[in-house]
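Trainee: Pasting the sequence and the predicted coordinates here, then a few questions.
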Amino acid sequence: MFDFTGFKILVAGGSSGIGLATAELLDRLGAVVVVSGRDAGKLEAARARLGAKAAALAFDATDPAQRRDALARIGAFDHLVACLSGGKGGGPFAGLALADLRAGFEAKFWPHAALVQDSLPYLSATGSITLVSAISARASNPGTAGLSALNAAIEGLVRPLAVELRPRRVNAVSPGVVDTP
Ligand SMILES: NC(=O)c1ccc[n+]([C@@H]2O[C@H](COP(=O)([O-])OP(=O)(O)OC[C@H]3O[C@@H](n4cnc5c(N)ncnc54)[C@H](OP(=O)(O)O)[C@@H]3O)[C@@H](O)[C@H]2O)c1
């Protein structure tokens, strides 16, 4: 259905799980995929699952210097997919340590927002941004208030940015439970 030949796509968080599956699909559809993550070993294993045209770049998306240096090395690209995991912030609200919820925002919301902002100088004027949120943003499951707030914050970026950055497209993909590392 889709042909991504000639398109360069950064999949941040592409060394595992949903990001790696996305990178593998885009690679098969012809894109030049750049996968990123912090762990160099995991990243190399991921790159080995992709075609010869794919590249891997290790950087911590929460670190401004590493993030900006990596983006400068990647240079111009067409599409950004961001699916960095957070993990913290779940559990019944009465006992939820707010420090854990804050850590969840630090691990997921801020690096997603920062990646979008720092990518703009490199992102094609006709390209796209896809953020991975979570269905908890719009569900009502007990024990997910923190995760819901975190993923709703990510989704909150999407609609205004889709207008502000047009004709670039901005979307969130909101998965349910997926068996990943
Ligand atoms: N799996 C689910 O059930 C589910 C459901 C709803 C939403 N989601 C969302 O989907 C996204 C992906 O989840 P997943 O289950 O596929 O997770 P995963 O298998 O743990 O993959 C996360 C990826 O992000 C990278 N990463 C994490 N923090 C990073 C950082 N600071 N800098 C650079 N790379 C970083 C990881 O590599 P390193 O660890 O090496 O850095 C890895 O490549 C997350 O945002 C998650 O909240 C998942």
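Mentor: Ah, there it is.

Trainee: hey, let's count contacts and neighbours off CA atoms from now on
Mentor: OK.

Trainee: Give the closest residue to Glu44 in space, chain neighbours not counted.
Mentor: Excluding its sequence neighbours, the residue lying closest to Glu44 (CA to CA, 6 or more residues apart in numbering) is Ala56, at 7.0 Å.

Trainee: partner residues bridging that neighbour?
Mentor: With DSSP bridges applied, Ala56 shows beta-bridge pairing to Val35.

Trainee: Determine the set of other helices and strands touching the longest helix along the chain.
Mentor: Scanning the chain for the helix with the most residues, using DSSP state H, yields helix 145-164. Applying 3 or more CA pairs under 8 Å, 6 or more residues apart in numbering; DSSP states H and E, one finds that helix 145-164 contacts helix 98-104, strand 169-173.

Trainee: and with 7 Å instead?
Mentor: Under the contact criterion of 3 or more CA pairs under 7 Å, 6 or more residues apart in numbering; DSSP states H and E, helix 145-164 touches strand 169-173.

Trainee: Which strands or helices does the strand it packs on pack on?
Mentor: When contacts are defined as 3+ CA pairs under 7 Å, 6+ apart, strand 169-173 sits against strand 123-132, helix 145-164.

Trainee: Mean neighbour count, mean pLDDT and distance to the ligand added to those, as CSV?
Mentor: Shown next, in CSV, are the helices and strands packed on strand 169-173 (neighbours: other CA atoms under 10 Å; pLDDT from 0 to 100; distance: least, CA to the nearest ligand atom, whole Å):
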stretch, mean neighbour count, mean pLDDT, distance to the ligand
strand 123-132, 20, 98, 5
helix 145-164, 18, 98, 8
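
Trainee: quick one: which of those is nearest Val35?
Mentor: Closest to Val35 of these is strand 123-132 (CA to CA; 14.4 Å).

Trainee: which residues are in contact with the closest one?
Mentor: 76-83, 167-174 (CA atoms under 7 Å, 6 or more residues apart in numbering).

Trainee: now it and strand 169-173, what's the angle there?
Mentor: Computed with axes from the mean of the first three to the mean of the last three CA atoms, to 10 degrees, the direction of strand 123-132 lies at 20 degrees from that of strand 169-173.
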